[in-house]
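1. here are the coordinates; sequence isn't available:
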């Protein structure tokens, strides 16, 4: 059993067999990992999971920025390919700037 403080299992389960060692060997997801996923905060302590959270959060920020661009911009003067390229590019630029701005404050 690990001494790392991860909050214990997020969804403890019983084997109904009296096999307590099974729960220790296979505790499932930790509360820390569950909270990191749910809150989209890359602080689970699991590198691959934190990388997935960062990518997911970046995509969410870009989608919100893209929605704001679509609502506020009039792209009728641009060819469709140029509009799509610019829209995506600038949405991800804003998405990348958001965590940096938060960390600076």
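-> Alright, I've got the coordinates. These numbers come from a predicted model, not from an experiment.
2. any idea which helix or strand carries residue 97?
-> Taking DSSP states H and E as the criterion, the element that holds residue 97 is helix 80-104.
3. Tell me how this protein divides into domains.
-> Per automatic domain parsing, the domain ranges recorded for the chain read 1-39, 45-104.
4. Make a markdown table from those domains and add mean neighbour count and mean pLDDT to it.
-> Just so you know, the C-beta spots here come from the backbone N, C-alpha and C atoms, and that holds for glycine as well. Below are the domains of the chain laid out as a markdown table (neighbours: other CB atoms under 10 Å; pLDDT from 0 to 100):
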| stretch | mean neighbour count | mean pLDDT |
| --- | --- | --- |
| domain 1-39 | 12 | 69 |
| domain 45-104 | 13 | 86 |
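5. re the thing from before, contacts for the helix holding residue 97 next, please.
-> 57-59, 61-63, 65-66, 69-70, 75, 78 (CB atoms under 8 Å, 6 or more residues apart in numbering).
6. Make TSV from those residues and add secondary structure and distance to residue 10 to it.
-> Formatted as TSV, the contacts of helix 80-104 follow (DSSP: H, G, I helix; E, B strand; the rest coil; distance: CB to CB, whole Å):
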residue	secondary structure	distance to residue 10
57	helix	20
58	helix	24
59	helix	24
61	helix	26
62	helix	29
63	helix	27
65	helix	32
66	helix	33
69	helix	37
70	helix	37
75	coil	44
78	coil	47
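7. Let's have those in TSV, adding distance to residue 36.
-> As requested, these are arranged in TSV below (distance: CB to CB, whole Å):
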residue	distance to residue 36
57	11
58	15
59	16
61	17
62	20
63	20
65	23
66	25
69	29
70	31
75	37
78	39
